[in-house]
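Participant: next come a sequence and a model predicted from it.
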2 protein chains.
Amino acid sequence: MSLDSLPIRIVCVRPLFGGNMGSICRAMQNSGLSELVLVSPAENMDQVELRKMALKAYPIYEQSRRVDRLEEAVADCGLVAMTSGVDGFYKQHATSPRELAPELLDAAARAPAAIVFGPEDKGLGNDELKLATHLVRIPSHSAYSSLNLSQSVMLLAHELYVASGEFEGPKEATPPATFEAKERLFDAWDQCMQDVGFCPNDKRPHMMMGLRRIFSRGELSENDVKILLGLARQCSWAAGKGPEKRKIPGSS
Amino acid sequence: MSLDSLPIRIVCVRPLFGGNMGSICRAMQNSGLSELVLVSPAENMDQVELRKMALKAYPIYEQSRRVDRLEEAVADCGLVAMTSGVDGFYKQHATSPRELAPELLDAAARAPAAIVFGPEDKGLGNDELKLATHLVRIPSHSAYSSLNLSQSVMLLAHELYVASGEFEGPKEATPPATFEAKERLFDAWDQCMQDVGFCPNDKRPHMMMGLRRIFSRGELSENDVKILLGLARQCSWAAGKGPEKRKIPGSS
């Protein structure tokens, strides 16, 4: 599911600062959101800061819609989530961004959905919070539980983006090495230990157990095995006992 | 597990802007982190912006440690995670903040752990990335994949905070209503429909199915049932057919 094809709206009520507004635009674009509605924004927002923080995402601000009242911003919405602070109204009913995200995506497939954020200085009032279908509280530490406005938008937008499943995580370029390939690798290192005189022969099984454990701590890819196998053989060769002189057991 | 008892370090390499630095401090404190190390920070950082964005978290900046080289910042660390952009070195090996978080908490219980962030303008170089034990890439939309520095710190710090399990989510104050309590509720509304003359008697079972579905869409708490039960009874009463005159079936 692609976030940019869903009607998901970020609504900022009485925002004050241009820097935050710019950061909000960037956070939205970072997460594939683009619809911004401003309810009675401050008239003296610092436009230089706004552009500086929005950078490439400035068009989101230019294309934002302005309305006088929150009701207008969400009139056509189904799900309306509002962020509330620790001491907010009905806080015991609040959900977390991570819990909300899949439900919001689901709702946005049927009707426009909104996430509403209050002003920097005091958040949303109770007469605004009562209009919410869902209240959201962002988990935060008691040392300083109040988040910056644009940081709150980032966390919510990011949860939606992750929940949308749109992001393809990085993948290892080669598949994991097979058991057989790894055994060939261990044989080569066992031979290498012997060839370079790493330890007395009777200690080698013990050392090999250590090396097996080290090589097994993370998943080895086919490519990793190629590198490590080549290294063991080269060490044997440099010690004057390489493939030119004697075939290493298990090598092809 | 409490995050503030674990040796987790945020390392910023050659940070440029005071506003971002202040936001980083606030994001750290929002998530229960406090140890900040700056590697060759810009000397002309805007201190007014820094204080304005850090607010209560300014002491984190005051107590930060400065070093000249990245190696010094992480010398005593076990796990060293570094954030890399879309086109970063070895990007196919990168993990996401959500995957990293539990592993980092686990590692920090054994040795100090660091998360390293590059400068605003170009991120970490390959000669720095090679020092990482873990590379992290934050999922972001292709429309604008590069995040603001302080937003990146917020997302990583927040994942750690959530993974620490320290946050006690808001709980409903009363337990869910039992089946029996809900049946009492439905009986009261059935009676109410009859008492207020909502529909012909033969349509009532159909209407009650609708009402049952509506009341069952979300979980009802004991308290919710009290409110709805009281409302139904009051409606019956106001229609001149309340408990004073006739006992409602199922009421106690």
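Facilitator: Perfect, I can see it now. Nothing here was measured: the structure is a model prediction, and the numbers come from that model.

Participant: could you tell me the end-to-end distance of stretch A:31-50?
Facilitator: Start and end residues of stretch A:31-50 are separated by 19 Å (Cα to Cα, to the nearest Å).

Participant: same check on stretch A:43-50?
Facilitator: Using Cα to Cα, the two ends of stretch A:43-50 sit 13 Å apart.

Participant: in it, what's buried?
Facilitator: A:45-46, A:49-50 (16 or more other Cβ atoms under 10 Å in any protein chain shown). Every C-beta, even on glycine, is put in place using the N, C-alpha and C of the backbone.

Participant: in a markdown table, list those along with distance to B:D76 and secondary structure.
Facilitator: Compiled in a markdown table, the buried residues of stretch A:43-50 are given as follows (distance: Cβ to Cβ, whole Å; DSSP: H, G, I helix; E, B strand; the rest coil):
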| residue | distance to B:D76 | secondary structure |
| --- | --- | --- |
| A:M45 | 45 | coil |
| A:D46 | 42 | coil |
| A:E49 | 38 | helix |
| A:L50 | 41 | helix |
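
Participant: between those residues, which is closest to A:A73?
Facilitator: Distance to A:A73 across these (Cβ to Cβ) is lowest for A:M45, with 17.7 Å.

Participant: tell me who's in contact with the residue lying closest to the closest one once chain neighbours are set aside.
Facilitator: Counting by Cβ to Cβ, 6 or more residues apart in numbering or on different chains, the nearest residue to A:M45 once its immediate chain neighbours are dropped is A:G18, at 4.1 Å. Applying Cβ atoms under 8 Å, 6 or more residues apart in numbering or on different chains to A:G18 gives the contacts A:45-50, A:53.

Participant: just give me how far stretch A:176-193 sits from the chain centre.
Facilitator: Its chain's average C-alpha position is 36 Å from that of stretch A:176-193, according to Cα atoms, centre = their mean, to the nearest Å.

Participant: and that stretch, which residues are buried?
Facilitator: Of the residues in stretch A:176-193, A:177, A:181-182, A:184-193 count as buried by neighbour count, 16+ other Cβ under 10 Å.

Participant: determine the longest helix present in chain A.
Facilitator: Scanning chain A for the helix with the most residues, using DSSP state H, yields helix A:179-196.

Participant: immediately after that one, which helix or strand?
Facilitator: Using DSSP states H and E, the helix or strand that follows helix A:179-196 towards the C-terminus is helix A:204-216.

Participant: just how off-centre is that next one within its chain?
Facilitator: Centroid separation for helix A:204-216 versus its chain: 36 Å, with Cα atoms, centre = their mean.

Participant: ok, residues contacting it?
Facilitator: A:182, A:185-186, A:189-190, A:193-194, A:198-199, A:228.

Participant: which two from the residues you listed end up farthest apart in space?
Facilitator: A:K182 and A:C199 (21.6 Å).

Participant: separation between the nearest residue to A:G22 once chain neighbours are set aside and A:R14?
Facilitator: Of all residues not flanking A:G22 in the chain, A:M53 sits nearest, at 3.0 Å (Cβ to Cβ, 6+ apart). Distance of A:M53 to A:R14, given as Cβ to Cβ, to the nearest Å: 19 Å.

Participant: list the residues that contact the closest residue to A:G118 other than its chain neighbours.
Facilitator: Nearest non-adjacent residue to A:G118, counting by Cβ to Cβ, 6+ apart: A:L124, 3.6 Å away. The contact partners of A:L124, by Cβ under 8 Å, 6+ apart, come to A:13, A:82-84, A:88, A:116-118.

Participant: where's A:L124, which helix or strand?
Facilitator: A:L124 is part of no helix or strand when elements are defined by DSSP H and E.

Participant: got a pLDDT number for it?
Facilitator: The model reports A:L124 with a pLDDT of 91.

Participant: over to A:S252?
Facilitator: For A:S252, pLDDT reads 45.

Participant: so which residues on the stretch 1-150 of chain A come close to chain B?
Facilitator: Counting by Cβ under 8 Å from any Cβ of the partner chain, the residues of the stretch 1-150 of chain A close to chain B are A:3-4, A:19, A:23, A:26-27, A:29-32, A:53, A:56-57, A:91-96, A:98, A:137-141, A:143-148, A:150.

Participant: if we use 6 Å, what do you get?
Facilitator: A:26-27, A:29-32, A:56-57, A:91-92, A:94, A:139-141, A:143-144, A:147-148 (Cβ under 6 Å from any Cβ of the partner chain).

Participant: doesn't A:Y161 lie inside a helix?
Facilitator: Yes - the assignment for A:Y161 is a helix, going by DSSP: H, G, I helix; E, B strand; the rest coil.

Participant: need the contact list for the residue lying closest to it once chain neighbours are set aside.
Facilitator: Residue nearest to A:Y161 in three dimensions, not counting chain neighbours: A:S31, with 3.9 Å by Cβ to Cβ, 6+ apart. By Cβ atoms under 6 Å, 6 or more residues apart in numbering or on different chains, A:S31 lies in contact with A:157-158, A:161, B:141.

Participant: please repeat the previous calculation with a cut-off of 7 Å.
Facilitator: Residues counted as contacts of A:S31 (Cβ atoms under 7 Å, 6 or more residues apart in numbering or on different chains) are A:3, A:157-158, A:160-161, B:140-141.

Participant: closest one of the residues you listed to A:L36?
Facilitator: A:A157 (11.1 Å).

Participant: separation between that closest one and A:E62?
Facilitator: Where A:E62 is concerned, A:A157 sits at a distance of 19 Å (Cβ to Cβ).
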